[in-house]
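[1] curious how this folds, go ahead:
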Amino acid sequence: MTRIAVNMLWCVPGAVGGSEQYLVRQLLGLCEVGHDEFALDVFAPRGLSIAHPELARVATIHESQSDERVRALRVWREATWFASRARGAAVVHHGGGTVPPRSPQPVLLTIHDLQYLVYPQYFSRTKLRYLTMRMPTSVRRARHIVVPSAYVQRTVVERLGVPLDKVSVVRHGIEPSLGANLTSERELRDRFGLTATHVLVYPAVTHPHKNHRFLLELLDGPLRDADVQLVCAGGAGRAQHTVQRSIEALGLADRVKLVGRLGDRDRDGLLAMAAALVFPSSYEGFGAPVIEAMSLGAPVVASNLTALPDVVGDAGYAIDLDLQAWADAITDVIARRETWQQRGRTRAMQFRAVDSGRDLAAVYRKVGE
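    Take a look at the predicted model:
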């Protein structure tokens with residue numbers, strides 16, 4: 001079997017978000033399609049096996065003695081503990097966007113996005129300095145690069161000067177068990193105080209680029225008299241206090257529920273009951289909640305920025321951040337729910353975990369030649 005060493009030391013289980021989910025899902029898909037071809041050695045922080053038992057069943061997970069929350073110590077461990085144990089692997093896959101100062105070859109690098117180049121103001125000075133220094137060096141040291149979308153592929157080529165044939169898209173994949181054990185609508189309505197006929201859902205950390213403020217203006221403006229409530233599910237980000245103050249200032253406390261980060265059962269239940277997934281983010285390397293919503297039957301209304309139009313396709317709305325246009329789109333997906341559900345489910349079938357695994361297997365074979 002072909003040995004693959006995967007560096008996931010950058011992954012703080014449950015705290016990293018989409019990049020963690022993206023890599024875990026594609027590794028699960030890889031094991032489904034190449035279980036007798038690839039042997040996965042995953043090097044991860046303490047606690048990854050508990051957070052992802054499904055991955056622990058199909059891959060050998062080597063956990064460090066730390067949760068790796070301190071970046072300098074994590075980079076040191078990547079360059080020592082990981083580097084020494086990854087020697088001899090057919091592919092050394094760094095899944096967190098950068099390559100540490102020391103790494104065996106051949107290197108495969110996953111770049112999730114280049115947001116730091118587009119919105120540098122949303123990054124701390126330390127992290128911005130680190131990415132500015134490490135990213136160009138990382139792409140030069142990588143034999144090949146994988147990205148989650150055509151949008152990120154274009155930006156890596158254009159902004160970092162990487163040849164197109166060195167960058168492959170490995171699509172985000174949704175596991176077939178999604179929604180198999182979801183929380184009921186009744187329970188969610190009771191727990192979160194949802195009394196409106198129609199519930200809009202936005203699963204996103206409250207970072208500035210996620211653009212929660214736009215949805216608040218939508219409810220205070222064109223949807224002021226509509227029988228809708230908004231549930232914002234996600235961890236507290238850099239704009240958390242600003243969002244909370246805006247809700248209070250606009251008098252939306254009864255119509256907007258900030259419910260924090262949810263487990264899979266609650267997340268799936270909310271999407272299944274949603275009148276629409278609303279996704280006004282100004283930057284996404286992919287946007288996994290869009291495909292999750294489509295899989296679970298929630299119509300999608302999203303911004304038309306960065307990767308989102310490519311992901312949504314013709315199965316939902318990907319439109320300008322115009323309040324009236326969004327109000328009209330939400331009205332339409334409510335009125336024609338079954339039509340948009342059918343389109344969404346058809347679209348979601350193009351983003352299965354097994355397909356993501358096939359994409360990754362092809363790249364592993366290419367890098368390991």
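
[2] the lowest-mean-pLDDT helix or strand in the chain packs against which elements?
    Taking mean pLDDT, DSSP states H and E as the measure, the helix or strand of the chain with the lowest value is helix 71-77, at a mean of 88. Contacting helix 71-77 under the criterion 3 or more CB pairs under 8 Å, 6 or more residues apart in numbering; DSSP states H and E is no other helix or strand. Heads up, the C-betas are built off the backbone N, CA and C, glycines and all.

[3] residues contacting that helix, please?
    By CB atoms under 8 Å, 6 or more residues apart in numbering, the residues outside helix 71-77 that reach it are 9-10, 45, 64, 66, 68, 100-101, 127, 130.

[4] ok, the residues you listed vs S303, which is closest?
    S303 lies nearest to K127 out of those, by CB to CB, at 24.4 Å.

[5] could I get the average pLDDT for whichever strand or helix holds that closest one?
    Element membership for K127 (DSSP states H and E) is helix 125-141. Helix 125-141 shows a mean pLDDT of 94.

[6] could you list the buried residues of it?
    If you call a residue buried by 16 or more other CB atoms under 10 Å, then helix 125-141 has these buried ones: 130-131, 134-135, 138-139, 141.

[7] can you put these in JSON lines and add distance to E32?
    Formatted as JSON lines, those follow (distance: CB to CB, whole Å):
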{"residue": "Y130", "distance to E32": "35"}
{"residue": "L131", "distance to E32": "33"}
{"residue": "R134", "distance to E32": "33"}
{"residue": "M135", "distance to E32": "31"}
{"residue": "S138", "distance to E32": "29"}
{"residue": "V139", "distance to E32": "30"}
{"residue": "R141", "distance to E32": "30"}
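
[8] kindly indicate which of those lies nearest V92.
    Closest to V92, out of all of the buried residues of helix 125-141 and judged by CB to CB, is R141, at 10.5 Å.

[9] for that closest one, give me its contacts.
    99, 103, 107, 109.

[10] quick check, nearest of the residues you listed to A83?
    For the contacts of R141, the nearest to A83 is S103 (5.7 Å; CB to CB).

[11] surely the closest one is in a helix?
    No - the assignment for S103, made by DSSP: H, G, I helix; E, B strand; the rest coil, is coil rather than a helix.

[12] how many other residues sit next to it?
    22 (other CB atoms under 10 Å).

[13] how near is it to V42?
    S103 sits 16 Å away from V42, taking CB to CB, to the nearest Å as the criterion.

[14] that older thread, out of the contacts of R141, what pair is the most spread apart?
    S103 and L109 (9.7 Å).

[15] show me where the stretch 201-350 of the chain has its strands.
    228-233, 256-258, 276-279, 300-303, 317-319 (DSSP state E, counting those that start in this stretch).

[16] and those strands as CSV, adding mean pLDDT, distance to A79 and mean neighbour count?
    Formatted as CSV, the strands of the stretch 201-350 of the chain follow (pLDDT from 0 to 100; distance: least, CB to CB, whole Å; neighbours: other CB atoms under 10 Å):
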stretch, mean pLDDT, distance to A79, mean neighbour count
strand 228-233, 98, 37, 22
strand 256-258, 98, 40, 20
strand 276-279, 98, 37, 28
strand 300-303, 98, 39, 26
strand 317-319, 98, 41, 21
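
[17] which residues sit in contact with G179?
    G179 touches 268, 271-272, 295-296, counting by CB under 8 Å, 6+ apart.
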